[in-house]
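J.: Provided below for reference: sequence and predicted model.
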Amino acid sequence: MRSVVVTGVGTVEVRDVPEPHAQAGEIRIKVAGAGPNYADLRIIGGGNIGNGIGLELAGIVDEIGPGVENAQLGTAVATIHIPWGKPGSASEYVVVPATHAAKIPDGLDILDAATVTLNSLTAAQLLAGASTGSLLVTGAAGGVGGYGVALAARAGWEVTALARATDTEFLRRAGAARVITALEDGFDAVLDTALLNEAAVKAVRDGGTYLGVYPGAEPPSERGIVVTSTMVEPDGVAAQEMLALTAKGVLEARRAGTVPFEETKVAYEALVMGGQRGRWVLTA
């Protein structure tokens, strides 16, 4: 099958790789769309030769392994897929544990669904361990940031969004009480999707909470601030909720563009340039 793999530092190509098959507890998905994300830039930039890329996808269940219940052939699903040592989501077929996948609700475009799971679950899992109060979201109009604003507002946080003024309308729809273009301080917590690190910590009140998106890259604590981060975990049940909220319009599906596997470079160059509003989707 065709799969996008790392061929050198900063380079990827479509290669033929062995086709995977579902084993016990697994399903195989014929990929309709794969969502490239910033985390993939680390995989590509690190020159992890032979590693697949793509951390989330949507497609159709076309093979079911032994012991899997509540899965049907032909069902449209979306999921997170961690590709270490195996083909990534930018492949014709991907095998995942059945419990990691979520059915795509009626009314939600399958390619839009390919952009939802990774960023929404990252935001949800980060916010899950924090008490509500005043929250600053940096990079608020980005992938994780946009979901962070919407999910935090829905959970009862008073959300301030740090973003460009041109993103105000989107962030107000998402639930931000305020939109600011320069850092302020005194917040109970900050969700730092823009990786402002020490500058973002200074925006937190004494004894507050800093929520980071890259484990191992957190800034040092100061003034009794709890500094934490999380590595997103696949969760089919939680993903089902995120997809349902998207289908209802509570969360916005924002697709920046769609390109075939052979033009993967276009999507990743756009990520490197920054300023993306929505996610690119790679199609087989």
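T.: Received the coordinates, thanks.
J.: and the strands in the stretch 101-250 of the chain?
T.: 102-103, 134-138, 158-162, 178-180, 187-192, 204-212, 226-229 (DSSP state E, counting those that start in this stretch).
J.: the ones you listed: which one's closest to residue 258?
T.: Among those, strand 102-103 comes nearest to residue 258, with 21.2 Å by C-beta to C-beta. For glycine as for every other residue, the C-beta is placed from the backbone atoms N, C-alpha and C.
J.: I would like the residues contacting stretch 250-265, please.
T.: 2, 4, 12, 14, 33, 36, 53, 90, 108-109, 111-113, 115-116, 120, 146-147, 150-151, 154, 170, 173-174, 242, 245-246, 266-267, 270, 276-284 (C-beta atoms under 8 Å, 6 or more residues apart in numbering).
J.: give me the buried entries from those.
T.: 2, 4, 12, 14, 33, 36, 53, 90, 108-109, 111-113, 115-116, 120, 146-147, 150-151, 170, 174, 242, 245-246, 267, 270, 276, 278-282, 284 (16 or more other C-beta atoms under 10 Å).
J.: columns distance to residue 48, mean neighbour count and mean pLDDT on top of the strands of the stretch 101-250 of the chain, output as a markdown table?
T.: A markdown table is the format used below for these (distance: least, C-beta to C-beta, whole Å; neighbours: other C-beta atoms under 10 Å; pLDDT from 0 to 100):
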| stretch | distance to residue 48 | mean neighbour count | mean pLDDT |
| --- | --- | --- | --- |
| strand 102-103 | 28 | 22 | 98 |
| strand 134-138 | 28 | 26 | 98 |
| strand 158-162 | 32 | 25 | 98 |
| strand 178-180 | 38 | 17 | 98 |
| strand 187-192 | 26 | 27 | 98 |
| strand 204-212 | 23 | 20 | 97 |
| strand 226-229 | 22 | 16 | 95 |
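J.: which ones among the contacts of stretch 250-265 map onto helices?
T.: Within those, residues falling in helices by DSSP state H are 111-113, 120, 146-147, 150-151, 154, 170, 173-174, 242, 245-246, 266-267, 270.
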